[in-house]
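In: what follows is a protein structure lacking sequence information:
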């Protein structure tokens with residue numbers, strides 16, 4: 001019999017399932033304790049923890065710059081930009097809450113859930129793609145954190161201030177160590193950090209608005225005409241901007257099981273995400289738009305990044321305080337959004353070799369490698385005009401459109417094909433009911449990716465790439481459903497012995 005008996009190892013507790021591993025699972029090359037399903041007693045996150053997680057992740061330097069990106073590059077006016085951000089985050093709640101379901105019910109992290117749709121080894125393809133995006137973002141956020149540390153120390157010490165960009169590089173490594181420390185301490189320390197930082201961050205936002213409000217002419221800010229040809233239709237610009245904004249959290253909409261596996265109930269993950277994500281993103285992006293518009297009046301030049309803007313304030317006390325809070329904000333974003341996922345993804349490749357601690361350090365090292373060029377440039381060892389930050393942010397938004405198909409495939413697999421029923425034990429076995437490579441999932445992923453690349457390189461069907469997250473997730477999901485249905489109709493051969 002190829003199907004393993006689940007009754008002894010898998011227990012149902014309320015709405016949850018628990019895995020009590022026997023020797024067969026413990027010895028399996030697909031299992032280690034860190035990617036094992038969470039036990040019910042480990043599920044301590046309620047809706048306020050989930051909301052705090054999203055506030056902690058949303059309040060970060062990239063969010064602050066989103067409104068500016070939409071007005072500068074996507075030709076929207078301020079009101080359109082803010083509506084786009086709100087809408088995008090309401091849309092992204094759909095894959096976020098749906099993909100969180102399996103994590104909450106079975107206690108499994110993202111790469112293990114992928115074994116259901118891509119196969120036990122095939123799951124590494126989408127998991128590693130997701131991991132590399134996260135490592136890229138980890139490098140960028142660590143650079144922002146390093147800038148904040150360097151500005152903080154420059155206020156306190158003229159000797160530090162004289163280091164210039166070299167100070168930022170040292171700051172980068174100090175900040176890197178702080179991130180590693182929090183994550184290696186485990187999910188409870190992340191929860192505590194998010195709970196601590198969420199109210200602080202909201203307070204800073206309100207404080208900045210008060211500081212800037214005398215200098216802001218709201219009417220003229222909202223009356224500024226959009227940066228697009230006169231009489232051009234809004235819709236093309238709007239959907240392009242919407243795709244980029246959905247792409248911003250496309251990453252998390254895949255690996256949300258990494259967190260929902262700690263939730264007390266489905267209701268907690270759903271309500272917590274609805275409370276925490278769309279409004280925080282709207283308010284913090286709005287803050288960025290307003291402060292960027294007010295910056296010429298406040299400091300005499302247009303500055304679109306909050307760290308540099310705060311660095312221009314005349315009072316050392318406020319600069320130091322604000323930098324401490326930005327450091328906390330960036331750690332809370334970085335640890336949750338950019339370290340937890342690749343740590344689990346790297347473990348999925350070799351669970352017996354890479355445990356949680358090693359996965360975390362590996363993530364940190366890849367992040368350093370991806371930022372190496374920028375670090376060398378800041379040290380003055382490489383001369384170059386290319387700013388890696390600007391190059392990366394374009395690349396990552398494009399790259400996120402490649403993540404769309406994974407979201408579509410995961411949702412269709414869990415809700416339509418598997419009908420929310422997984423064989424928890426077999427997810428960790430090489431000879432269980434899940435194949436090593438599920439070609440249906442792999443084909444459904446690579447077809448939209450190939451079309452996206454084709455559309456970028458040839459300029460044919462440009463809409464396929466421009467709205468990449470939507471076209472990719474839709475096509476991936478439809479293909480997966482169609483191919484799975486065809487496969488199910490084929491007569492089973494002697495494999496069911």
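Out: Noted; the coordinates are in hand. None of these values were measured; they are calculated from a predicted model.

In: and after the least confident helix or strand in the chain by mean pLDDT, which helix or strand comes next?
Out: Ranking every helix and strand in the chain by mean pLDDT, DSSP states H and E puts helix 388-400 at the bottom, with a mean of 57. Downstream of helix 388-400, the first helix or strand assigned by DSSP states H and E is helix 404-412.

In: could you identify the helix or strand that succeeds that following helix?
Out: With DSSP H and E, the next secondary element past helix 404-412 is helix 439-458.

In: mind listing what's buried in that next one?
Out: 440, 441, 442, 444, 445, 447, 448, 449, 451, 452, 455, 456 (16 or more other C-beta atoms under 10 Å). Every residue, glycine included, has its C-beta placed from N, CA and C.

In: so what does it touch, helix or strand wise?
Out: Taking 3 or more C-beta pairs under 8 Å, 6 or more residues apart in numbering; DSSP states H and E as contact, the helices and strands that helix 439-458 lies on are helix 110-118, helix 124-156, helix 404-412, helix 462-466, helix 468-489.

In: contacts for that helix?
Out: 117-119, 122, 125-126, 398, 401-402, 404-406, 408-409, 413, 460-462, 464-465, 468, 471-472, 475-477, 479-480, 483-484, 487 (C-beta atoms under 8 Å, 6 or more residues apart in numbering).

In: just the buried residues of those residues.
Out: 117-119, 122, 125-126, 401-402, 404-406, 408-409, 413, 464-465, 468, 471-472, 475-477, 479-480, 483-484.

In: and residue 153, what pLDDT?
Out: Listed pLDDT for residue 153 reads 93.

In: excluding chain neighbours, what is closest to it?
Out: residue 160 (4.3 Å; C-beta to C-beta, 6 or more residues apart in numbering).

In: that neighbour: which element?
Out: Counting by DSSP H and E, residue 160 is part of helix 158-161.

In: after that helix comes which helix or strand?
Out: helix 165-184.

In: does anything pack onto the very next helix or strand once past that following helix? Which helices or strands?
Out: For helix 165-184, the following helix or strand on the C-terminal side (DSSP H and E) is helix 187-212. Secondary structure elements in contact with helix 187-212, counted by 3+ C-beta pairs under 8 Å, 6+ apart, are helix 47-58, helix 165-184, helix 278-299, helix 316-333.

In: of all the ones you listed, which lies closest to residue 234?
Out: helix 278-299 (17.7 Å; C-beta to C-beta).

In: which residues are contacting that closest one?
Out: 54-55, 58-59, 63-68, 71, 78, 81-82, 85-86, 89-90, 93, 202, 205, 208-209, 212, 215-216, 221, 224, 301-304, 306, 309, 312-313.

In: cool, stretch 27-40 as well?
Out: Under C-beta under 8 Å, 6+ apart, the answer for stretch 27-40 is 13-14, 16-19, 21, 25, 106-109, 111-112, 115, 120, 261-262, 344, 347-348, 351-352, 355-356, 359, 424, 427-430.

In: give me the PyMOL select line for these, limited to the buried ones.
Out: Selecting only the buried entries of the contacts of stretch 27-40 in PyMOL, with 16+ other C-beta under 10 Å as the criterion:
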select buried, resi 16+17+18+19+21+25+106+107+108+109+111+112+115+120+261+262+344+347+348+351+355+356+359+424+427+428+429
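
In: so which of the contacts of stretch 27-40 belong to strands?
Out: Using DSSP state E, the subset of those located in strands is 13, 16, 17, 18, 19.

In: look up how far residue 107 lies from the first one.
Out: Note on residue 13: its distance to residue 107, by C-beta to C-beta, to the nearest Å, is 10 Å.

In: what does residue 239 give?
Out: 37 Å.

In: tally of neighbours for residue 155?
Out: 17 (other C-beta atoms under 10 Å).

In: report whether the expected contact of it with residue 324 is present.
Out: No. Assessed by C-beta atoms under 8 Å, residue 155 is found out of contact with residue 324, at 10.7 Å.

In: now the helix or strand harbouring residue 369, how far from the centre of its chain.
Out: With secondary structure defined by DSSP H and E, residue 369 is part of helix 356-370. Distance, stretch centre to chain centre, for helix 356-370: 16 Å (C-alpha atoms, centre = their mean, to the nearest Å).

In: what comes up buried for that helix?
Out: Buried, per 16+ other C-beta under 10 Å, within helix 356-370: 356, 359, 360, 361, 362, 363, 364, 366, 367, 368, 370.

In: got the contact list for the last one?
Out: Applying C-beta under 8 Å, 6+ apart to residue 370 gives the contacts 135, 136, 139.

In: would you turn these into JSON lines with neighbour count and pLDDT?
Out: Listed next are those as JSON lines, based on neighbours: other C-beta atoms under 10 Å; pLDDT from 0 to 100:
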{"residue": "135", "neighbour count": "25", "pLDDT": "91"}
{"residue": "136", "neighbour count": "21", "pLDDT": "86"}
{"residue": "139", "neighbour count": "26", "pLDDT": "90"}
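
In: quick check, nearest of those residues to residue 250?
Out: Nearest to residue 250 among the contacts of residue 370, counting by C-beta to C-beta, is residue 136 at 13.5 Å.

In: quick one: the closest one and residue 266, what's the gap?
Out: 32 Å.

In: what do you get for residue 317?
Out: 46 Å.

In: these two: who's more crowded?
Out: residue 266 (16 against 9).

In: can you count the residues close to the closest residue to residue 420 other than its chain neighbours?
Out: Nearest residue to residue 420 in three dimensions, chain neighbours excluded: residue 414, at 6.3 Å (C-beta to C-beta, 6+ apart). Residue 414 has 21 neighbours, counted by other C-beta under 10 Å.

In: so residue 414 sits right up against residue 101, yeah?
Out: Yes. Using C-beta under 8 Å, residue 414 is in contact with residue 101, at 6.9 Å.

In: common neighbours of those two, please.
Out: residue 420.

In: how much space between the nearest residue to residue 361 once chain neighbours are set aside and residue 173?
Out: Excluding the flanking residues, the one nearest residue 361 by C-beta to C-beta, 6+ apart is residue 180, at 6.8 Å. Counting by C-beta to C-beta, the separation of residue 180 from residue 173 is 11 Å.

In: okay, the two: which has more neighbours?
Out: Legend: neighbour count by other C-beta under 10 Å for residue 180 and residue 173, higher for residue 180 (17 against 14).

In: contacting residues for the more buried one?
Out: 360, 361, 364.

In: test my guess that the last one contacts residue 138.
Out: Same thing as residue 364. Yes. Contact criterion C-beta under 8 Å: residue 364 and residue 138 qualify, at 7.5 Å.

In: common neighbours of those two, please.
Out: The contact lists of residue 364 and residue 138 share 179, 339, where a contact means C-beta under 8 Å, 6+ apart.

In: still on that earlier bit, drop anything exposed from the contacts of helix 278-299.
Out: For those, buried by 16+ other C-beta under 10 Å: 54-55, 58-59, 63-68, 71, 78, 81-82, 85-86, 89, 93, 205, 208-209, 212, 216, 221, 303-304, 306, 309.

In: in helices, which of those residues appear?
Out: 54-55, 58, 63-68, 71, 78, 81-82, 85-86, 89, 93, 205, 208-209, 212, 221, 306, 309 (DSSP state H).

In: tell me if residue 232 really is in a helix.
Out: No. Residue 232 is assigned coil when assessed by DSSP: H, G, I helix; E, B strand; the rest coil, not a helix.
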